[in-house]
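# Need a 3D model of the sequence below.
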Amino acid sequence: MNTTLKANLNVSRRLFGLATILCIATLMMTPRASAVVSDADFEALKQAVQQLSEQVQSLKQTNLIVEQRHEQDQQQLQVLQEKLAETQQIATNTEQKVIEAAQTQPIPRQAIDEATVNHNFMMLGDAEFQYNKIAGQHGGFEQADFAPIFLYRAGDNILFEAGFDTTLQNNATNGPGYTTTFNLSFAQLDYVMGDYVTLCVGDLILPLGTYTERGAGWLNKIPDNPLAVDSLIPGTGVGAMLRGAVPFGNDGKYVNYAVWGVNGPSSADGTANAGALDLGGNVGVTSSGTSANLHGNPSGGARVAVFLPIPYKPRYDFELGISGQSGEWDNDGNYLWTAGVLDAALHLGPNFEAKGEYILTQYGSSDLGVNLQQGYYVQASYKLAGLNVELPGINNTELVGRYDNLLHNYNSNNNAFDLNTQRYTIGLIYYFTNTLLLEGDYEFYNSNDPSSADQLILQLSLGF
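Down below sits the predicted model:
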């Protein structure tokens, strides 16, 4: 019995005893007090005794209810203790069974978390649709191009990326219909070795200059590539590369670098003739299935550049880089191909950009001796939003311009290049969105190459 119950019983006994004493005293004093106690006093005393009696009865009932609840609580507690004992026994048996199963059976493979896999996988890229009108020829829709890039993160330090290029081409000059080409543009596996160095292997985009890595596709503000980039240097190479960036100072300056070894250019027909130079065809497997570099030794290359932001001016910066590559190119390994590139880029706020590259290449051959080629381009663009003029379409428009120069086939006899091409390009870009844009430009040629002609190019580009 708990403390509250005992206290209630003691109070009941005391009240009952007090009421009994009062009753006896009243009976004994009645003959003497008959002359003193009035009827009103007697009635008041009687009511007091009745109230005390009622309180005693109420306390008895309360004590009875408390005892009943206490008994119910004890019963519920006993039931809970029994259930707890059963649960503990079941848990012990289950744990023992799991341990026995783990000791006798192989651990099953964990289910793939589809949400995590999808989060680690991305598809980027661009699509272009182009109209071309060359002077003296019929205009037409020249190409429809789709170039997806697949990115996958296999872990904290492992990355994979691959790009493809699908193009629709007209076969009118060779036969009816059209042809769809599908090419692997690049595919590389990256392993982040530390904060300042990453190992890349595969079909690599070569950082000979910056255009191939940063300006191709819809990122280019002009629909076609600079002449020197297209003609003089390879865009990719099969091999391995170490690259990274090292900061210096506390205001965002850093030096970025890359060092690589790749198969390098090769001979298209196995000879060492100048016309057989193939800048991008050496992937280590011949058409007959032979797995070997087409020449004895791979090419080596490197790039180093400094990036200098202008203090206290967001998006004001300057970058200057130098890069080069050299190695055998003919099958017998008798001749070297060498290239050097100087690149620069300037940003003055979000609206103005200027960049350019100078490219110099040299290679030996069995028929023409040493072949020297060079070229450069300078390109600038300005977004009209920087004018702060509230006119329809102004804030969505960007003006672009580029100058190209390409010198082919240096002739040592007359100390001059046999081919000299200059190209002037003016155009504009209209941004429907940040990734959907309409590019248009007109190109003026000044060249002793008869295949060069002025042309108009319109292109709708989508980046995703």
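
# Surely residue 151 touches residue 159?
Yes. Counting by C-beta atoms under 8 Å, residue 151 does reach residue 159; the two are 7.3 Å apart. Quick note: C-beta positions are derived from backbone N, CA and C, even for glycine.

# And these two? Which one has more around it.
Shown here are residue 151 and residue 159; by other C-beta atoms under 10 Å, residue 159 has more neighbours (18 against 14).

# Name the secondary structure element that contains residue 74.
Assigned by DSSP states H and E, residue 74 falls within helix 39-104.

# what are the ranges of the strands in the stretch 301-450 of the chain?
316-328, 336-348, 352-365, 369-383, 397-411, 416-431, 436-447 (DSSP state E, counting those that start in this stretch).

# Relative to the longest one, what are the paired strands and their orientations?
Looking at strand 416-431 with DSSP bridges, its paired strands and their directions are strand 397-411 (antiparallel), strand 436-447 (antiparallel).

# so which of the ones you listed gets nearest residue 163?
Closest to residue 163 of the strands paired with strand 416-431 is strand 436-447 (C-beta to C-beta; 20.1 Å).

# For that closest one, list every residue counted as buried.
Using 16 or more other C-beta atoms under 10 Å as the test for burial, strand 436-447 gives 437, 439, 440, 441, 443, 445.

# Could you list the alpha-carbon positions for it in PDB?
Provided in PDB are the C-alpha atoms of strand 436-447 (Å, rounded to 0.1, in the frame of the first residue of the first chain):
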ATOM      1  CA  LEU A 436      20.100  29.100 -77.100                       C
ATOM      2  CA  LEU A 437      21.700  31.500 -79.600                       C
ATOM      3  CA  LEU A 438      21.500  32.500 -83.200                       C
ATOM      4  CA  GLU A 439      25.000  33.300 -84.700                       C
ATOM      5  CA  GLY A 440      25.500  35.000 -88.000                       C
ATOM      6  CA  ASP A 441      28.700  36.200 -89.700                       C
ATOM      7  CA  TYR A 442      30.100  37.200 -93.100                       C
ATOM      8  CA  GLU A 443      33.600  36.200 -94.000                       C
ATOM      9  CA  PHE A 444      35.800  38.100 -96.500                       C
ATOM     10  CA  TYR A 445      38.800  36.200 -98.000                       C
ATOM     11  CA  ASN A 446      42.000  37.600 -99.400                       C
ATOM     12  CA  SER A 447      44.000  34.600-100.600                       C
END
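
# what's next to that strand, contact-wise?
Contact partners of strand 436-447, identified using C-beta atoms under 8 Å, 6 or more residues apart in numbering, comprise 218, 221-224, 400, 419-432, 452-463.

# helix or strand right after that strand?
Going down the chain from strand 436-447, the next helix or strand is strand 455-463, by DSSP H and E.

# angle of that next one against strand 436-447?
Put simply, strand 455-463 runs at 150 degrees to strand 436-447, going by axes from the mean of the first three to the mean of the last three C-alpha atoms, to 10 degrees.

# What is strand 455-463 packed up against?
strand 121-134, strand 436-447 (3 or more C-beta pairs under 8 Å, 6 or more residues apart in numbering; DSSP states H and E).

# Quick one: mean pLDDT over the helix or strand following the first one.
Proceeding N to C from strand 121-134, the next assigned helix or strand is strand 140-153, under DSSP H and E. For strand 140-153, the mean pLDDT works out to 86.

# Using CSV, write out the CA atom coordinates for strand 140-153.
The C-alpha trace of strand 140-153 is given here as CSV (Å, rounded to 0.1, in the frame of the first residue of the first chain):
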residue,chain,number,x,y,z
GLY,A,140,21.8,25.6,-98.5
PHE,A,141,21.4,24.1,-95.1
GLU,A,142,24.8,22.7,-94.7
GLN,A,143,24.8,20.6,-91.6
ALA,A,144,22.8,19.3,-88.6
ASP,A,145,25.2,18.4,-85.8
PHE,A,146,24.6,16.8,-82.4
ALA,A,147,27.6,16.5,-80.1
PRO,A,148,26.8,15.0,-76.7
ILE,A,149,29.4,14.8,-73.9
PHE,A,150,29.0,12.1,-71.2
LEU,A,151,30.4,12.8,-67.7
TYR,A,152,30.6,10.2,-65.0
ARG,A,153,32.0,10.3,-61.4
